[in-house]
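*Asks:* My questions are about this predicted structure, shown below with the sequence.
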Number of protein chains: 2
Amino acid sequence: MHGVRVSDELRKLLGSDKVVTDEQHLLSYASDMIPEGQLRKLADQLPPRKPLAICFAEDLEDIQRVVRFCAQERVPVIPWGAGSGVCGSNVPVEDSIALDVKRMNRILSLVPEECRVTVQPGLIGEELEERLNARGMTMGHFPSSIACSTVGGYVACRSAGQFSSRYGKIEDMLLGLEVVLPTGEIANLGVLGDGYYRGPLMALMAGSEGTLGVITKVCLKIEPMAEKMDFRGYAFLDLDDGLQCMRRVMQSGLRPTVLRLYDPLDSLMAGFHSKTDEGEDIHRAAARFSGLKSVLASAVTELNAKGLAAGLLRPSLLNRVVELLPTRSLLIAGVQGSNAEVTKQWDRFGTIVDSVRGEDLGPEPGLSWYKRRYAISYKQSKIYQAGAFVDTMEVATTWENLGLMYRAIVKALSKHVFIMAHFSHAYTQGCSVYFTFAAYRPTARARKSTYQRAWRAALEAVLRFNGTISHHHGIGTLKRWAMTRESPGGDELFQAFKRAMDPAGIMNPGKIYNVDA
Amino acid sequence: MHGVRVSDELRKLLGSDKVVTDEQHLLSYASDMIPEGQLRKLADQLPPRKPLAICFAEDLEDIQRVVRFCAQERVPVIPWGAGSGVCGSNVPVEDSIALDVKRMNRILSLVPEECRVTVQPGLIGEELEERLNARGMTMGHFPSSIACSTVGGYVACRSAGQFSSRYGKIEDMLLGLEVVLPTGEIANLGVLGDGYYRGPLMALMAGSEGTLGVITKVCLKIEPMAEKMDFRGYAFLDLDDGLQCMRRVMQSGLRPTVLRLYDPLDSLMAGFHSKTDEGEDIHRAAARFSGLKSVLASAVTELNAKGLAAGLLRPSLLNRVVELLPTRSLLIAGVQGSNAEVTKQWDRFGTIVDSVRGEDLGPEPGLSWYKRRYAISYKQSKIYQAGAFVDTMEVATTWENLGLMYRAIVKALSKHVFIMAHFSHAYTQGCSVYFTFAAYRPTARARKSTYQRAWRAALEAVLRFNGTISHHHGIGTLKRWAMTRESPGGDELFQAFKRAMDPAGIMNPGKIYNVDA
């Protein structure tokens, strides 16, 4: 069906106030926050691929109408929340439409005594949390993107928040879903219906990134807000001691609110000051690598093009320089509960920290992290314009593989990009590691190529250690090539499911696996 | 393919020591422990439907060989662990074979510091637990059937143990699965690979009751054994106070090892003695309803046919009599940890119990429960021969619906059968309720008909309260009629999955949903 006819038909179905086709709007739906997309477009000088139309659904029936129409006419549907994803799960395909759920942003049910909340998928995380807090409750889900991401998006991408060691990932909080399947049928899943179907199908929907249906209602566990939260910092002689500490904490049964270990460079970036050394390390480092810190701070926050160019053009040199940095690692920890509970948890922490020769730095590093915990960059495009890129990668594996995998990834990345990392989202059996990497290249083509080589090398290293290639950002288009490597046969099974559930093949094609692109 | 040829071919594939076709063996694979099967056979005088052969697989390759052969020849495969299921998921279909994994019973990997264990599916739960205990670890999974059920079976049926409020259900402990898919392909799922596919597909396998593949390896979370476990009993004026207490305990963040609330009759059966009343209630009850307790004890443990006949022929009368019983309910609770932690948890319990006018009965009722916690009946057949039946039903719903659903089920069942119930497996949002029901009917046909009417009436009541029709026993053949009612559209989706994954339709047909029977 021709694009204009598609939007005309959609207007007839939904009313013209719900269908938008002006150029400016369409352009802003040409990509989510995936860096690769921008790099590729700049390199290959491709015009952005826009959707034919954006439908702003206001209720379940709107979604059903759109999905049924698109199934009949074989028009691909890209479900949209806030578009904050970084793996390309919102990137349009040829002649597709965007189905935006942001107008569906109401809280449908909130009774604190039931310890659950039911919301529409387009509700922004921060707004939900504020509304819960006003009733003395919390969802415990605090992704860095909380101000610009939706509850539906959390579920669609298996999101994790900063307090996940205490509250779990979104799939652990998930009690129920209403989904419009690709045929337009409604599925009601979960809400203690964990008998077969309602439970497993809910698990299949969580993380499906819009490929198996549109989430129209989300029911989440909530709980009373903590009486008190308290934060501290600890320093370790090296990364392995720090990892050993995290492992022992989780295996001891403690469930800290926060547990984040920074590798040496990331520790430096986090403004880590060791009490005993009275900042000597940092000042020596700062003197030796003049401007290093500000250069890197620029790379991940606000770009200083000159500095970047100087430092990031030779990442392998820069990485080798970082190897000379003090090896100490910083652990940020947080606990919660009553005053007595907080004290008791710090006591148990102290014993574990001592057992791995760690040093208690007091509350300051923890508080400082807490204050700046949402300080992420919204200046990507400036970085690109200056000839650099920055991206992040979150992968995970078991404790016994974690240090090895981290080093293998650093090694694999270090010739291509400048790297730092921290370990967060810890479990009794393992942990995720979060890399930030950046590079400068004078031409768009070179940037794209460096970027792609870096990602490929990094994911290959993950696969060698049987790690998971995505802990909580999703797969989208970015990592789909590695999915079959991670789980041989997965592509065929996914394709089989997808065909079974979505016979017209309309739901967000080409995402997760490249089976129907 | 003719039965004899099937077993000949299987012998060629596996070796003759792994294929059994003697009558006595086949007969013992004609059903699992589902009561309905026995009742129906007795009533309709059907000969038992036996499998054509039993294959005792010894490794992954054996399983692949059998599955591939059966897919090619379209021979249905019924995977078997210990056959302890009570919902019919092991009941053979016409011209099927049983694929027994009991010889695959090794521990493949156990490193306490990794907090996980990897085992073959045929390992008996009790043996695994003993082997873990010898290393200071526990899996925390204690179903009543632990002595006669396998790890593979736990996963296949989404099992729950008596300590689930502390450790979760088996799906919460599940870290990884190796599965032979219905095509003979191998899928490796989970083990911190919670990126899309490894995580969701694992969730889909858990509870699939052999309909989507054969589980060949299971990786579970384990943790250090508790320093100390401690048990107590509490009495409440009525069931609602007891439920309120359970709810407040779970919502307070406490995670007791055990939390079981008995309804008045079940409290009586559990030997509940109130300290303050000095047993008055019980003796008065005993005098009024002479022999009641022993009659009921017989019905659920060792049959006293005369007593049963007298009491159970008129369940509605007996149920009305029970309404006159003292209304007090007994709560069994257990906590674990260091001495200090145990004391602290009991203190918090005490405050909550006081807030709902409960009475602390001291450790005795708890210890007494703990000692007899595996005392389940293995004398079903005697009960059937005497003209009675006894069965159990475990369903769940949210706290706000729980008391209402319980009463609706009691009402629905009470004209057909004699009933008692307890509430266990509590969550912050809801709880499961476990009914035991029994009846006597002079003819096999009347027994079958009463039994079926009772189940139908009970599940209809569950559905009215949006409950789940199976909390941890599974679906099998017993509850499949209600699955589509629980989740409209579920049958079509399941069929679509099933066809996609199992194009030859060989894996345990007719279970969960009746789509391919």
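*Replies:* Ah, there it is. Bear in mind that the values here come from a model prediction, so they are computed numbers and not experimental data. Residues are numbered from 1 along each chain as shown, chains lettered A, B, ... in the order given.

*Asks:* What parts of the stretch 351-500 of chain A come near chain B?
*Replies:* Neighbours of chain B within the stretch 351-500 of chain A, by C-beta under 8 Å from any C-beta of the partner chain: A:396-400, A:427-430, A:466-471, A:474-475, A:483, A:486-490, A:493-494, A:496-497, A:499-500. (Each C-beta comes from the backbone N, C-alpha and C, glycine too.)

*Asks:* Likewise for the stretch 151-300 of chain A?
*Replies:* Close to chain B, as judged by C-beta under 8 Å from any C-beta, the stretch 151-300 of chain A has residues A:158, A:169, A:171, A:175, A:181, A:185-189, A:191-201, A:203-204, A:206-209, A:221, A:223-224, A:251, A:253.

*Asks:* Let's see the ChimeraX selection covering just the buried ones among the residues you listed.
*Replies:* Burial among these is assessed by 16 or more other C-beta atoms under 10 Å in any protein chain shown; the matching ChimeraX selection reads:
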select /A:158,169,171,175,181,185,186,187,188,189,191,192,193,194,195,196,197,198,199,200,201,203,204,206,207,208,209,221,223,251
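
*Asks:* Among the residues of the stretch 151-300 of chain A next to chain B, which ones are in strands?
*Replies:* Mapping those onto strands (DSSP state E) picks out A:175, A:186-189, A:221, A:223-224.

*Asks:* how about these in TSV, adding pLDDT and distance to residue A:48?
*Replies:* Formatted as TSV, these follow (pLDDT from 0 to 100; distance: C-beta to C-beta, whole Å):
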residue	pLDDT	distance to residue A:48
A:175	93	38
A:186	92	34
A:187	89	34
A:188	88	37
A:189	87	35
A:221	96	39
A:223	95	43
A:224	95	46
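
*Asks:* Put together TSV for those, with distance to residue A:131 on each row.
*Replies:* Shown next, in TSV, are these (distance: C-beta to C-beta, whole Å):
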residue	distance to residue A:131
A:175	18
A:186	26
A:187	27
A:188	24
A:189	24
A:221	16
A:223	15
A:224	15
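
*Asks:* Now for the residues you listed: which two are most distant?
*Replies:* Greatest spatial distance among those (C-beta to C-beta): A:186 and A:224, at 32.4 Å.

*Asks:* Which strand residues bridge residue A:229?
*Replies:* Beta-bridge pairing for residue A:229 (DSSP bridges): residue A:336.

*Asks:* shaky segments in the stretch 301-450 of chain A?
*Replies:* A:301-314, A:316-326, A:375-382 (pLDDT under 70).

*Asks:* can you give me the helices in it?
*Replies:* A:305-312, A:315-323, A:339-355, A:364-371, A:380-385, A:399-414, A:444-464 (DSSP state H, counting those that start in this stretch).

*Asks:* shouldn't residue A:246 be in contact with residue A:259?
*Replies:* Yes - using C-beta atoms under 8 Å, residue A:246 makes contact with residue A:259 at a distance of 5.7 Å.

*Asks:* Check the contact lists of the two and give me the overlap.
*Replies:* Common neighbours of residue A:246 and residue A:259 (criterion: C-beta atoms under 8 Å, 6 or more residues apart in numbering or on different chains): A:331, A:426.

*Asks:* TSV for the helices of the stretch 301-450 of chain A, including mean neighbour count?
*Replies:* Output for these, formatted as TSV (neighbours: other C-beta atoms under 10 Å in any protein chain shown):
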stretch	mean neighbour count
helix A:305-312	18
helix A:315-323	17
helix A:339-355	15
helix A:364-371	18
helix A:380-385	16
helix A:399-414	20
helix A:444-464	19
